[in-house]
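Engineer: Predicted model and sequence follow; I will ask about them next.
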Amino acid sequence: MSDTLDTLENLTYNELHEGDTATFTRTLTEKELILFAAVSGDFNPVHLDSEFAANSMFKERIAHGMWSGSLISAALATVMPGPGTVYLDQSLSFKRPVKLDDTLTVNLTVLRKDPKNRVIFQCNVTNQHNQKVVIGEAKVIAPTEKVSLYKPPLPKITIEGHD
């Protein structure tokens with residue numbers, strides 16, 4: 001019997017219904033912020049330089065907006081609909097900054113099912129205070145075949161001066 005924490009199982013187009021919901025939660029750590037900057041190439045000092053950020057409108061370092069957007073992608077790819085999902089479109093509206101150690105929860109809701117296995121989701125991302133940080137809609141092609149597979153093991157990543 002497989003451990004459900006190590007398994008990804010999708011919901012097919014036929015299994016999805018208007019009003020269905022799912023969540024995905026992740027906390028922004030210093031390491032993730034730095035890795036996101038390295039992977040994306042976005043070195044805006046408001047994300048990485050405490051002194052610069054202290055003089056910004058935010059008064060402290062904040063996450064890249066697309067880090068929050070990437071959590072929506074992760075939720076769609078791993079939770080609902082899950083493996084086999086093809087991302088087609090995403091609208092995002094950034095409502096408030098995300099700070100270090102904030103815990104974000106992506107809330108997905110099926111708004112409607114369209115022809116050709118298209119599904120439209122409402123995507124709300126809230127912080128640990130239940131404040132909306134990002135809202136938007138996503139359009140995907142939902143999988144038509146049921147799959148259940150193990151999450152692939154990822155390597156341990158170290159950052160010089162941070163581990």
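Structural biologist: That came through, no problem. Numbers count the residues shown, from 1 in each chain.
Engineer: List the contacts of the spatially most central residue of the chain.
Structural biologist: What sits nearest the mean C-alpha location of the chain, by Cα atoms, centre = their mean, is Leu71, with 0.7 Å. Neighbouring residues of Leu71 by Cβ atoms under 8 Å, 6 or more residues apart in numbering: 24, 26, 104, 106, 125. Heads up, the C-betas are built off the backbone N, CA and C, glycines and all.
Engineer: Just the buried ones out of the residues you listed, please.
Structural biologist: 24, 26, 104, 106, 125 (16 or more other Cβ atoms under 10 Å).
Engineer: and those residues as a markdown table, adding distance to Tyr13, pLDDT and secondary structure?
Structural biologist: Listed next are the buried ones among the contacts of Leu71 as a markdown table, based on distance: Cβ to Cβ, whole Å; pLDDT from 0 to 100; DSSP: H, G, I helix; E, B strand; the rest coil:
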| residue | distance to Tyr13 | pLDDT | secondary structure |
| --- | --- | --- | --- |
| Phe24 | 20 | 97 | strand |
| Arg26 | 26 | 97 | strand |
| Leu104 | 27 | 98 | strand |
| Val106 | 20 | 98 | strand |
| Val125 | 24 | 98 | strand |
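Engineer: Can you get me a residue count around the nearest residue to Glu9 once chain neighbours are set aside?
Structural biologist: Of all residues not flanking Glu9 in the chain, Ser148 sits nearest, at 4.2 Å (Cβ to Cβ, 6 or more residues apart in numbering). Ser148 has 12 neighbours, counted by other Cβ atoms under 10 Å.
Engineer: So Ser148 is in contact with Asp6, correct?
Structural biologist: No: judged on Cβ atoms under 8 Å, Ser148 makes no contact with Asp6 at a distance of 10.9 Å.
Engineer: Now do the helices in this protein.
Structural biologist: For the chain, helices defined by DSSP state H occupy the ranges 30-40, 45-48, 50-54, 65-78.
Engineer: deepest of those helices, which one?
Structural biologist: Highest mean neighbour count of the helices of the chain: helix 65-78, a mean of 20 (counted as mean count of other Cβ atoms under 10 Å).
Engineer: Give me the angle between it and helix 30-40.
Structural biologist: Taking axes from the mean of the first three to the mean of the last three Cα atoms, to 10 degrees, one finds that helix 65-78 is oriented at 90 degrees with respect to helix 30-40.
Engineer: Thanks again, I'm all set now.
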